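Novice: predicted structure and sequence below. I'll ask about it afterward.
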Amino acid sequence: MSAPIQLPTPQRGISHRVLDRSALADLPTPSPLIARTIDLGTVGVVAGYWGTLKSFIGLSWASSAATGFAWDGRAVEPCRVLYVAAEGAYGLHQRLSAWEQHRRTVIPSAEFLTLPEPVNLGSEDSVNQVIEFVASERIRFAWFDTLAKCMPGMDENSSRDMGVAVSSLYRIRAATGDGAVAAIHHTGKDKTTIRGSSALEAGVDWVYKTEGDANGIQLSRTKRKDGPVEDVHRLAFQAVDGTDSGVVVQSQEGLGLRPNADELLSHFQSHFSLTGATPTQLFEVSDMPKSSFYRALSELVSAGVIQNHGTDKRAFYKEASHG
């Protein structure tokens, strides 16, 4: 008679999880999902008052992730996205169509998945369903728009309830592997303080806040777990013809650009913000007569918005700064 199989004794305590100095040094450094903006392996919040383009910003980040399209000149790691449209999916198609048309790219259908209803972050069963889906579908970037809609019956002013919601976001993040999770939330009546318990801001890895209105907003990072905190973007809403919607773009307020130069800069940022472009490449996407194009190009160079990194005979333009 063979001897019974000896099962390994489960390890107890924390000794096998404690890192010595060498093991600590060997831990991988954070990798970016969106360079200098969102790190993989994190949970974050975008918060702002009504009408400060929070959802448009969230969609622009999610769309960039689903396509690998640069955001504000910053490289993006392409990945599969889950967008929880907790306030309903009405209008979402128009917003995504506007993004696609403005950037002249198509979001792959299977890379941008939408749940058109809230997730109950206070329900073990609801969260487990999301975790199972995220893991099985290999989602690496999950958005919750908005956090408040995903806390039914919970008190966002309660540190306990908010702690439960934040814990659920981290459980979902773990299901992404090395991915990221973000939620959109509101600020209070003073338009700057994040609404509800401070457990939210304290509990996440990064926080961006929006201030202003559709004519011009400032997106500012106020918290980051690892790396420099300061990151400021001045953005504005730009309508996209034929879509009944629009996109967020860099605000040109204060540059004093004429319409053709403003339009050409928009084309440059949409197509070449990460790579740069030759005059021929830029002309091909400009939809302008050649004479108007070169006047607009000259204006952008004179304003210092773009710079020639090539030669006089073989010009190659890049944005002066990506922020």
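Specialist: Received it, and whenever you're ready, just let me know what you need.
Novice: what comes into contact with the one helix or strand Ser97 maps to?
Specialist: Assigned by DSSP states H and E, Ser97 belongs to helix 92-103. Residues outside helix 92-103 that contact it (C-beta atoms under 8 Å, 6 or more residues apart in numbering): 55-56, 59-60, 63, 69, 83, 85, 106-107, 112, 114, 116, 238, 240, 242-247, 249, 266, 270-271. Where you see a C-beta, it was placed from the backbone N, CA and C, and this is true even at glycine.
Novice: model confidence over that helix, on average?
Specialist: Here helix 92-103 scores 94 as its mean pLDDT.
Novice: likewise stretch 263-283?
Specialist: Here the average pLDDT along stretch 263-283 is 85.
Novice: buried sites along it?
Specialist: By neighbour count with 16 or more other C-beta atoms under 10 Å, stretch 263-283 contains the buried residues 263-274, 276-277, 279, 281-283.
Novice: now, the residues you listed that are in helices?
Specialist: Among the buried residues of stretch 263-283, the members falling in helices (DSSP state H) are 263-271, 279, 281-283.
Novice: closest to Thr42 out of those residues?
Specialist: Of all those, Thr42 sits closest to Gln269, with 26.0 Å by C-beta to C-beta.
Novice: residue nearest the middle of the chain, spatially speaking?
Specialist: Central residue of the chain (C-alpha atoms, centre = their mean): Trp61, 3.0 Å from the mean position.
Novice: that residue sits in which helix or strand?
Specialist: helix 54-67.
Novice: next: Val249.
Specialist: strand 245-250.
Novice: for that strand, give me every contacting residue.
Specialist: Contacts of strand 245-250 (C-beta under 8 Å, 6+ apart): 53, 56-57, 60, 72, 91, 94-95, 97-99, 102, 233-240, 266, 269.
Novice: ChimeraX command for the buried members of these?
Specialist: Filtering those down to the buried ones (16+ other C-beta under 10 Å) takes a single ChimeraX command:
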select :53,56,57,60,72,95,97,98,99,102,233,234,235,236,237,238,240,266,269
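Novice: distance of Val305 from Gly73?
Specialist: 12 Å (C-beta to C-beta, to the nearest Å).
Novice: ditto for Gly88
Specialist: 32 Å.
Novice: more neighbours: which of those two?
Specialist: Per other C-beta atoms under 10 Å, whichever of Gly88 and Gly73 has more neighbours is Gly73, with 20 against 11.
Novice: that one contacts Ser273, doesn't it?
Specialist: Yes: the pair Gly73 / Ser273 is scored as a contact, 3.9 Å apart, by C-beta atoms under 8 Å.
Novice: using CSV, write out every CA atom in the helix holding Trp61.
Specialist: Extracted as CSV, the C-alpha positions of helix 54-67 are listed here (Å, rounded to 0.1, in the frame of the first residue of the first chain):
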residue,chain,number,x,y,z
LYS,A,54,-15.1,65.5,-16.8
SER,A,55,-16.8,62.9,-18.9
PHE,A,56,-15.3,64.2,-22.2
ILE,A,57,-11.8,63.9,-20.6
GLY,A,58,-12.6,60.4,-19.4
LEU,A,59,-13.8,59.4,-22.8
SER,A,60,-10.7,60.9,-24.5
TRP,A,61,-8.4,58.9,-22.2
ALA,A,62,-10.4,55.8,-22.7
SER,A,63,-10.5,56.2,-26.5
SER,A,64,-6.8,56.9,-26.6
ALA,A,65,-6.2,53.7,-24.6
ALA,A,66,-8.5,51.6,-26.9
THR,A,67,-6.7,52.9,-30.0
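Novice: what sits up against the following helix or strand past that helix?
Specialist: On the C-terminal side of helix 54-67, the closest following helix or strand by DSSP H and E is strand 81-85. Outside strand 81-85, the residues that touch it by C-beta under 8 Å, 6+ apart are 58-59, 62, 65-66, 92, 111-119, 133-134, 137, 139-145, 150.
Novice: just the buried members of these?
Specialist: 58-59, 62, 65-66, 92, 111-115, 118-119, 133-134, 139-145, 150.
Novice: looking at those, which are in helices?
Specialist: Those of those lying in helices (DSSP H): 58-59, 62, 65-66, 92, 133-134.
Novice: would you turn those residues into JSON lines with distance to Val45?
Specialist: Shown next, in JSON lines, are those (distance: C-beta to C-beta, whole Å):
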{"residue": "Gly58", "distance to Val45": "11"}
{"residue": "Leu59", "distance to Val45": "16"}
{"residue": "Ala62", "distance to Val45": "15"}
{"residue": "Ala65", "distance to Val45": "17"}
{"residue": "Ala66", "distance to Val45": "21"}
{"residue": "Leu92", "distance to Val45": "20"}
{"residue": "Phe133", "distance to Val45": "22"}
{"residue": "Val134", "distance to Val45": "19"}
